[in-house]
Each structure stands twice: as C-alpha cells, then as structure tokens.
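> Any chance you could fold what I've pasted below:
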Amino acid sequence: MVIFLSESEVEQCLDMQASIEALELAYNADAAGRVVSIPRSDMILPLGQNDAYVYKIMSGIIQDFGVSALRIQSDRIRWEGGRKYKLGMARNEKYVEYVQIYDIETNEPLLIMPDGYASKMRVGATNALGAKYMAPSSDIHTMSLLGAGRHAGGQIEAFAEIFDLDQVNVYSPTPQNREAFANEWDDKLDPLVVPFDTPSQAISGTNILACASNAMHPIFDADMIEPKMHVSAIKNPEIPGEAFSKVDRVAVATTQLPSGPHNYAPRFSDFAQNLTEKWSIPEFDIASAQDISSLISENKPPLSDETTLFLNNIGIGMQFAAVGKIVYDRAIEGGFGKDVDTDLFLQSVW
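This is a model prediction of the structure:
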C-alpha cells in the first residue's frame, strides 16, 4: 500500500531532533559514496513582467536508508519589492507541493506527502549541522535571526536543538511579523526570543548570525560580521558578496552544481536575463568551498579563532529521502495516513 499523509500527519511523524540525526547520517553516507542526488531545478514560464509559473523538481537516493525521493512543486511566483512571494493559486488559495518516497529494492512507491513541513525541517537541520561543525566555539549562547517566516521557524528550532541558547535576537522588516514570531517561539523554546528594530541591533554581540528570509538581495551589511562569529544563510542572495572576504572558512550544501543558474526559461526569451537580475547572487567560487558532507565526515574540531560561513546554496534531493524515510517509518508505526492500493501505480507493459 502507498500511504498518503496530510500536513498535520507529517508534523506528528517528524521532529527536529530526528531530522538532524537523519541528515547527519545521510551526509556521512554521501561522503562515502552511497548517495545519488540531483540539485533543485526550476522551470520558469514568464506570465507577465513580475509573475511566473514555476515547476520545481529535486530528487535523490540514499542507499543506507533504502529509499529514493522526488520532490515536486507547481508554483506561481511573484517578485515584488526585492522579495519573492509564492501565490496560493490552487483551490482555497492553497499550494501544490509534495514528496514521493520509493523503495529501492522493490521499486514501489511507499509514501506521498506534502512537502512544506518536511522542507522546513530539512533546511533547518542542514544549517544547524553546518554550525555544529563550523562554529568556532561549542560555547554558543546567543544567536541573531534575520527573518520571521516559515523557514525562520525551522532555523530557530534547529539551532536551539544543537546549541544551549540563552537568547535569540530576531529582525524582520515588518514589525508585526517579528513581534509575532518572537512571541510564538519564546513560548515554544527555552531561550529568550527578542525582536529588534534593525539588523545591526539584532546582530551585535551574538555568536551566530542566521539568515532565513524571502529576500532576493543581501539582508545585512558585511561589516556587521564580528570576529569568531558563525554566519548561516538558507540561500545565496541573502549574503552580501563582501561577506566571503570577512570570514576565514566557507562551506556550502553542495559544490556539485550545473554550470550557470539552476533556472530554466523558454528558448529565445529575454525573461532569462530579467530573471537573473531578480536574484542577487554573490560573486564567490562555490567550487572552492567545502561541502557539508565532507565537512561532517571529516569531523575536525573547528579552530577557536575562526570566523565561518555556511551557505545552503541549493536544495538537494537526498534531504527529502532522509526525512521522508523517518516520516514513512513513523506513519507505519503510528497508523497515520490513507492507504492506496500500490497496483494503481504499477504497469505490466515495458
């Protein structure tokens, strides 16, 4: 049987501690050559000057977990005010985003689930693992967080799982958003979560600077990076290009990227150039950085006087295989989801 899960059921089957543990194992397996993964690809069809239909795919296989995963998003995107927004175009203003998990022994599908919660967990866990293996001190008690949306929640939860945080300083350009976020997470977590009016106020004196926004341009000034600080970002545009010269060491999610952007627009379309201008990509040679799989597998103690940066430069398909396997196992154990006959997904003709 193939299990179909709702978003609320996925939340019941997946927690941050398990996500971090699974991804740590997955990255070690990747370093040992037991993972195949394809970076995210976005097929973008322009629908006017600032809107586009975007079909996104990413997939990966983890031999140790015995599963493969395919993540699909069918999105409408709008660029406005230097930020990228998703529009809920499906019925009831909802979104179409889901993950399929397959058994690599039988080839059969096992699970189909919405991707939103699982995505927040795999991104949060990845950035927290980057900090675990790069932060110049294990004595981390303060964190600044730039962003107050869904992925910001994943970041604060993951970093609080790794480090014994006393305080998290939050900045978002919309006052009501940062205040609501601070109130929500102050109730959920042990550290004090405090909203600030400017990025510089939030960043000053903290051990970790974490970015988790929907901005498509840098969201802080490189001069705000302090010695022995660890900087973390969930996507390229958040980081100013000057930041790379302000740190001693850089690691990324993966260095195995296709040449050029991972965005594909129609042939002969001038939208491709327009699209490039909407992303502020820092000038940095990704291939010169260390990827997180080798970072974790080497497990070298960070140098105490280093300033470091982890850039989650692109989504990797195997991340969904890692968290998806946890969700599937716990769904089976807890009796979650709706069962659909596997025969509906099979064929006899080749």
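
> Tell me if I'm right that Trp79 and Asn214 touch.
No. Taking contacts as C-beta atoms under 8 Å, Trp79 lies outside contact range of Asn214: 10.3 Å. For glycine as for every other residue, the C-beta is placed from the backbone atoms N, C-alpha and C.

> list residues touching both of these two?
Counting by C-beta atoms under 8 Å, 6 or more residues apart in numbering, the shared contacts of Trp79 and Asn214 are Tyr85.

> In this protein, where is pLDDT below threshold?
258-263, 267-281 (pLDDT under 70).

> how's it carved up into domains?
Annotated domains of the chain cover 2-118+317-345, 127-311 [automatic domain parsing].

> Let's have the ones you listed in JSON lines, adding mean neighbour count.
Shown next, in JSON lines, are these (neighbours: other C-beta atoms under 10 Å):
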{"stretch": "domain 2-118+317-345", "mean neighbour count": "18"}
{"stretch": "domain 127-311", "mean neighbour count": "18"}
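
> The nearest residue to Asn50 once chain neighbours are set aside in helix, strand or coil?
Distances taken as C-beta to C-beta, 6 or more residues apart in numbering put Trp79 closest to Asn50, at 4.9 Å, once the chain neighbours are dropped. Following DSSP: H, G, I helix; E, B strand; the rest coil, Trp79 is assigned to strand.

> so what's Trp79 bridging to?
Beta bridges link Trp79 to Lys84 when assigned by DSSP bridges.

> how far away is it from Glu9?
33 Å (C-beta to C-beta, to the nearest Å).

> Over to Ile61?
24 Å.

> contacting residues around Ile286?
So Ile286 contacts Val252, Thr255, Leu257, Asn313 (C-beta under 8 Å, 6+ apart).

> from the residues you listed, which ones fall inside strands?
Mapping those onto strands (DSSP state E) picks out Val252.

> which of the contacts of Ile286 lies closest to Asp103?
Leu257 (28.9 Å; C-beta to C-beta).

> Restrict stretch 70-85 to CA atoms and write it as PDB.
Taking C-alpha atoms only, stretch 70-85 is exported to PDB below (Å, rounded to 0.1, in the frame of the first residue of the first chain):
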ATOM      1  CA  LEU A  70      11.200  13.000  -5.600                       C
ATOM      2  CA  ARG A  71      10.100  16.500  -4.600                       C
ATOM      3  CA  ILE A  72       7.700  18.400  -6.900                       C
ATOM      4  CA  GLN A  73       6.400  21.900  -6.700                       C
ATOM      5  CA  SER A  74       3.900  23.500  -9.000                       C
ATOM      6  CA  ASP A  75       4.000  27.200  -8.100                       C
ATOM      7  CA  ARG A  76       3.100  30.700  -9.100                       C
ATOM      8  CA  ILE A  77       5.800  33.200  -8.100                       C
ATOM      9  CA  ARG A  78       5.800  37.000  -7.900                       C
ATOM     10  CA  TRP A  79       8.800  39.300  -7.400                       C
ATOM     11  CA  GLU A  80       7.800  42.500  -5.700                       C
ATOM     12  CA  GLY A  81       9.900  45.000  -3.700                       C
ATOM     13  CA  GLY A  82      13.100  42.900  -3.900                       C
ATOM     14  CA  ARG A  83      11.400  39.800  -2.500                       C
ATOM     15  CA  LYS A  84      10.000  36.600  -3.900                       C
ATOM     16  CA  TYR A  85       6.500  35.500  -3.000                       C
END
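
> Now find how far off-centre that stretch is within its chain.
Using C-alpha atoms, centre = their mean, to the nearest Å, the mean C-alpha position of stretch 70-85 is found 15 Å from that of the whole chain.

> Equivalent analysis for stretch 49-56, please.
On C-alpha atoms, centre = their mean, the centre of stretch 49-56 falls 20 Å from that of its chain.
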